[in-house]
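> sequence first, predicted model second:
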Amino acid sequence: MEAHKALVAGVSERVKHFHETKQAFRIYHGSTNSTRQSHRRADNTVDTSQLNKVLWVDVEKRTALSEPNVPLGQLLEATLKHGLAPPVVMEFPTITVGGGFSGSSGESSSFRHGAFEATVESIEVVLADGTVTTASRTERPDLLWGAASAFGTIGVVTLVEVQLRPVKPYVEMRYLHCATPEEYVDRIAVEAAKPDVEFLDGIVYARDSTVICSGRFADEVPPGRKAVGFTRRFDPWFYLRARDAEKRLVRSAAKKAAAAAAAGTGTSDKDGVQEEVVDYIPIRDYLFRYNRGGFWMARYAFGYFLTPFNRLTRGLLDHFMHTSVMYHAMHKSGMHDMYVIQDVGVPYGQAPDFHRWLDETYAIYPLWLCPLRIRRDAADSAHGLHAQFADPTKTPETLLNYGVWGPVSGTRADIVRKNRLLEHKVQQCQGKKWLYSHAYYTEQEFWSHYDRDAYDAVRVRYGAHDLPSVYQKVRVDYQAEEAALADRPVKALLWKIWPIRGLYGVYCAWTGGDYLLEKKNDGKTKEKKKEKKKEKKKEKKKKDDEGSVQDTTTTTTTMTTTTTPKPPQSAEASGDVAGDASGDAPTGKPVDTPAATSAAKA
């Protein structure tokens with residue numbers, strides 16, 4: 001604990017410095033599962049990357065005390081030793097505890113337990129002035145719920161107490177086929193009502209074909225069956241395994257229908273008479289079943305690089321198929337700008353029409369379905385961005401989340417327009433868009449969709465009103481990004497040539513390096529670069545001229561006198577040390593400028 005306190009003291013001092021100098025800052029965690037472009041630099045950043053330890057697991061209390069940058073894979077490793085796990089474990093092992101709390105995160109157990117933030121008992125947080133404090137469900141609950149899904153705009157979370165629950169070694173996974181949106185909405189409701197169902201999600205493969213995945217805990221694999229894993233190199237990707245189940249269920253239903261038609265009787269699969277397809281999955285493999293392949297997003301990379309998509313190629317390229325590597329490549333290549341990558345939730349009653357609108361507007365498949373309980377039952381929880389979740393009169397108990405992820409055609413402006421269409425449609429459906437991904441709202445649109453009054457009240461109460469807001473953190477200013485790219489015409493040209501940007505992303509993912517911290521001078525404009533070049537040319541010409549004069553003087557002295565000529569004056573003696581004449585900093589040490597630092601956003 002002493003090591004933790006020392007690290008937090010360092011974070012506190014850094015935040016206090018930014019507060020006193022009135023400089024905006026960003027938080028550097030060391031990794032991200034957001035699709036937004038990073039604008040962090042060493043000079044505008046509070047580094048919390050060393051806060052990455054599980055401090056303890058309390059078996060009796062069933063909680064874990066974790067620093068914010070602990071990946072869920074590491075937390076799960078610590079808790080499974082005691083037969084425990086967090087009630088909500090996001091699908092990628094590199095998602096961090098702090099990211100799950102400060103962002104918006106849910107998974108297949110969220111139909112029962114809510115989002116990850118709903119499973120947090122307490123936090124330690126460094127406020128905007130550097131003060132270190134704590135918040136829990138009974139002590140400063142406004143700060144706890146205000147910091148949830150606030151993306152670090154209330155303060156810097158440095159410790160998280162997470163609830164735990166008993167788990168078993170295996171998950172019994174039942175695959176259920178549905179032909180229409182109405183059918184899968186009904187099926188989800190039926191499965192969610194069963195007390196022994198612990199996990200529930202679905203994959204929409206086509207407008208008329210959806211697989212619902214319903215999971216229960218199991219102590220062991222039945223005799224004659226083998227466990228199915230999803231974490232080894234040549235294991236199947238989960239969505240492909242579920243696709244095999246879909247095909248089997250469709251064939252079975254077709255045979256039943258044909259037999260019923262021949263016999264002159266009717267049949268229906270709605271009442272549970274369809275054939276069952278069941279897998280037994282080790283608990284860790286289940287919880288991170290979507291990590292390899294990034295659900296199914298990695299398949300698009302095979303198409304982009306014209307690579308065969310089969311078990312052999314997936315196995316050989318397995319290193320690149322894990323989400324941590326994929327996010328690295330995506331951020332460096334900027335290829336997320338060519339996609340719709342959104343998670344949005346709508347009320348169950350709106351889901352069938354919303355599905356048909358998605359089909360007509362985008363025709364992107366597969367889609368991910370995940371029922372998400374949003375109701376806040378805790379006392380005094382009506383605070384922050386989602387304060388209305390505590391009011392049963394304003395929000396439904398559960399939303400059906402749609403993961404809409406896939407490439408779309410057109411210019412960047414066309415792609416932005418298609419993203420904005422989705423944002424507007426969700427608002428019309430009285431749903432919610434989760435903010436880990438690109439957000440294209442105007443500020444007025446954004447705050448008509450989220451609770452500004454409750455959010456600002458927490459910010460003012462805890463002195464965070466001078467920090468950037470959630471809107472400033474999540475909004476994508478694509479016009480500014482396009483203008484910055486236009487200032488680099490060579491890059492802009494190369495980025496349009498297939499497959500250069502994709503290869504660059506793969507290269508960066510292969511070689512490693514930090515993709516979240518920009519170099520300090522990367523933001524220089526084209527004009528500043530030109531001025532720099534001019535200054536260097538002037539300096540070189542000046543040195544050349546001085547050298548020419550000195551050579552002439554030496555020659556003249558030798559011809560007219562018999563005394564030994566003095567050597568030319570050194571650069572150090574004349575004051576022309578590299579960097580001094582032009583006012584530049586020495587090589588490798590960029591200069592801070594007030595304009596650059598004051599313009600930096602957190």
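That came through, no problem.
> give me phi/psi at residue 155?
Note on residue 155: its backbone torsions stand at phi 180, psi -180 [degrees, to the nearest 10].
> tally of neighbours for it?
Using other C-beta atoms under 10 Å, residue 155 has 31 neighbouring residues. Where C-beta positions appear, they are placed from N, C-alpha and C, glycine not excepted.
> give me the beta-bridge partners of it?
residue 127 (DSSP bridges).
> measure it to residue 105 for me?
19 Å (C-beta to C-beta, to the nearest Å).
> so where's the stretch 451-600 of the chain shaky on pLDDT?
513-600 (pLDDT under 70).
> tell me if residue 65 really is in a helix.
No. Looking at residue 65 with DSSP: H, G, I helix; E, B strand; the rest coil, it is strand, so not inside a helix.
> residues in contact with it?
Listed by C-beta atoms under 8 Å, 6 or more residues apart in numbering, the contact set of residue 65 reads 54-58, 159-161.
> so how far is residue 341 from it?
Distance of residue 65 to residue 341, computed by C-beta to C-beta: 33 Å.
> what's the answer for residue 405, then?
Distance from residue 405 to residue 341, by C-beta to C-beta: 5 Å.
> and what of residue 233?
For residue 233, the distance to residue 341 - C-beta to C-beta - is 26 Å.
> now do residue 79
Shown here: residue 79 relative to residue 341, a distance of 30 Å by C-beta to C-beta.
> quick one: which of these two has more around it?
Just comparing residue 79 and residue 341: by other C-beta under 10 Å the higher neighbour count belongs to residue 79, 24 against 21.
> hmm, residue 57 and that one touching each other?
Yes. Applying C-beta atoms under 8 Å, one finds residue 79 in contact with residue 57, separated by 5.7 Å.
> which neighbours do the two have in common?
64, 164.
> follow-up on the earlier one: most neighbours among the contacts of residue 65, please name it.
Highest count within the contacts of residue 65 by other C-beta under 10 Å belongs to residue 160, 27 neighbours.
> for the helix or strand hosting that residue, name the packing helices and strands.
Taking DSSP states H and E as the criterion, residue 160 maps to strand 155-163. Packing partners of strand 155-163 (3 or more C-beta pairs under 8 Å, 6 or more residues apart in numbering; DSSP states H and E): helix 2-20, strand 63-66, helix 97-102, strand 120-127, helix 141-147.
> alpha carbons only: can I get the shortest one in CSV?
It refers to strand 63-66. The C-alpha trace of strand 63-66 is given here as CSV (Å, rounded to 0.1, in the frame of the first residue of the first chain):
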residue,chain,number,x,y,z
THR,A,63,-14.5,-7.4,-3.3
ALA,A,64,-11.2,-6.7,-5.0
LEU,A,65,-9.1,-3.5,-4.5
SER,A,66,-7.5,-2.7,-7.8
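> name every strand pairing with that strand and say which way it goes.
strand 54-58 (antiparallel), strand 155-163 (antiparallel).
> let me have those in TSV, extended by mean pLDDT.
Formatted as TSV, the strands paired with strand 63-66 follow (pLDDT from 0 to 100):
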stretch	mean pLDDT
strand 54-58	98
strand 155-163	98
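> turn those strands into CSV, including distance to residue 310.
Shown next, in CSV, are the strands paired with strand 63-66 (distance: least, C-beta to C-beta, whole Å):
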stretch, distance to residue 310
strand 54-58, 39
strand 155-163, 40
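> so which of the ones you listed is nearest residue 313?
strand 54-58 (36.6 Å; C-beta to C-beta).
> residue 326 should be in a helix, yeah?
Yes. Assessed with three-state DSSP, residue 326 lies in a helix.
> so what's it up against?
Residue 326 touches 294, 297-298, 301, 320, 509, counting by C-beta under 8 Å, 6+ apart.
> could you redo the last one with a cut-off of 6 Å?
With contact taken as C-beta atoms under 6 Å, 6 or more residues apart in numbering, residue 326 is in contact with residue 294.
> how close does it sit to residue 145?
To residue 145, residue 326 is 32 Å away according to C-beta to C-beta.
> swap in residue 467?
Taking C-beta to C-beta, one finds residue 467 at 18 Å from residue 145.
> which of those two has more neighbours?
Set side by side, residue 467 and residue 145 show more neighbours around residue 145, with 29 against 23, by other C-beta under 10 Å.
> do I have it right that that one meets residue 384?
Yes. Using C-beta atoms under 6 Å, residue 145 makes contact with residue 384 at a distance of 5.0 Å.
> and the nearest residue to residue 179 once chain neighbours are set aside, how many neighbours?
Nearest non-adjacent residue to residue 179, counting by C-beta to C-beta, 6 or more residues apart in numbering: residue 208, 5.3 Å away. Neighbour count of residue 208, defined by other C-beta under 10 Å: 13.
> could you do the one 3 residues further on as well?
Counted with other C-beta under 10 Å, the neighbours of residue 211 add up to 26.
> re the thing from before, export the contacts of residue 65 to CSV and tack on distance to residue 225?
Shown next, in CSV, are the contacts of residue 65 (distance: C-beta to C-beta, whole Å):
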residue, distance to residue 225
54, 34
55, 39
56, 37
57, 32
58, 36
159, 42
160, 38
161, 38
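> and which of these is nearest to residue 280?
residue 57 (26.5 Å).
> with adjacent residues omitted, what lies nearest to that closest one?
Once flanking residues are discounted, residue 57 sits nearest to residue 64: 4.9 Å by C-beta to C-beta, 6+ apart.
> any idea how far residue 459 is from the one you found?
Residue 64 is 29 Å from residue 459, by C-beta to C-beta.
> ok, the two, which is more surrounded?
Between residue 64 and residue 459, residue 64 has the larger neighbour count (other C-beta under 10 Å), namely 27 against 21.
> pull out the buried residues from stretch 412-419.
Within stretch 412-419, the residues scored as buried using 16 or more other C-beta atoms under 10 Å are 415-416, 418-419.
> got the CA positions of that stretch in PDB?
Once non-C-alpha atoms are left out, stretch 412-419 reads as follows in PDB (Å, rounded to 0.1, in the frame of the first residue of the first chain):
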ATOM      1  CA  ARG A 412     -14.700  11.100 -44.800                       C
ATOM      2  CA  ALA A 413     -17.600  13.600 -44.900                       C
ATOM      3  CA  ASP A 414     -19.900  10.800 -46.100                       C
ATOM      4  CA  ILE A 415     -18.800   8.500 -43.300                       C
ATOM      5  CA  VAL A 416     -19.300  11.200 -40.700                       C
ATOM      6  CA  ARG A 417     -22.800  11.800 -42.100                       C
ATOM      7  CA  LYS A 418     -23.600   8.100 -41.800                       C
ATOM      8  CA  ASN A 419     -22.400   8.100 -38.200                       C
END
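> let's test this: mean pLDDT of it, rounded?
The pLDDT scores in stretch 412-419 average 94.
> would you list the phi and psi of the nearest residue to residue 311 once chain neighbours are set aside?
Spatial nearest neighbour of residue 311, excluding adjacent residues (C-beta to C-beta, 6+ apart): residue 234 at 6.6 Å. The phi/psi pair for residue 234 (degrees, to the nearest 10) reads phi -100, psi 10.
> burial measure for residue 259, as a count.
Using other C-beta under 10 Å: residue 259 sits among 11 other residues.
> same deal with the one 4 residues further on?
For residue 263, the neighbour count with other C-beta under 10 Å is 9.
> could you check the pLDDT of it?
With respect to pLDDT, residue 263 has a value of 84.
> quick one: it from residue 177, how far?
In terms of C-beta to C-beta, residue 263 sits 22 Å off from residue 177.
> what's the answer for residue 48, then?
45 Å.
> domain parsing of this structure, as residue ranges.
2-166, 170-301+333-438, 302-332+479-518, 535-545+574-602 (automatic domain parsing).
> between the two ends of the second one, how far is it?
With C-alpha to C-alpha, to the nearest Å as the measure, the first residue of domain 170-301+333-438 is 36 Å from its last.
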